[in-house]
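> could you look at this predicted model? Sequence included:
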Amino acid sequence: MRHITYPGYSYTDNPFSELLAEGSPTRPLILANIILGTPLFAAFAVGLWTSASPKRAAHITGAMLLGYTVTGAAAQVFFPTLPRETLEAGEGTLRNALHPL
């Protein structure tokens, strides 16, 4: 199945992170979802933390969710995946060292 707004992208052949790559036509849409969704997920994590006052497991879960939210959003915004063409040309950097083609 081919992606409608990203010519050459295939759900079965390409990684999801390529939709967030620099120069990708879908990057603005996904960044908008991250910008809008991150505060909502963070509010959920804080709500979980505050609603479970004596329960230590809920506190740990809320803290982990909040940490996941902050680091995940920061990683996608500040360390985007390089475009497929750059990786195929062998010009990958350290930020893509663990990202297979």
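Cool, the structure landed.

> helices of the chain, start to end?
Applying DSSP state H to the chain gives helices spanning 27-51, 56-78, 84-88.

> mean pLDDT lowest where, among those?
Among those, helix 84-88 has the lowest mean pLDDT, at a mean of 59.

> spatially central residue in the protein, please.
Gln76 (4.8 Å; CA atoms, centre = their mean).

> hang on, it packs against Ile34?
Yes - assessed by CB atoms under 8 Å, Gln76 is found in contact with Ile34 at 5.7 Å. Quick note: C-beta positions are derived from backbone N, CA and C, even for glycine.

> what is the burial count for Gly37?
Residues within reach of Gly37, counting by other CB atoms under 10 Å, total 12.

> now Ile30, nearest residue through space, not along the chain?
Nearest residue to Ile30, sequence neighbours excluded (CB to CB, 6 or more residues apart in numbering): Leu20, at 5.3 Å.

> that neighbour contacts Pro28, correct?
No - the criterion here is CB under 8 Å, and Leu20 misses it with Pro28 at 10.2 Å.

> neighbour-wise, which of these two wins?
Using other CB under 10 Å as the criterion, Leu20 and Pro28 rank with Leu20 on top: 19 against 9.

> right, I'll leave it there.
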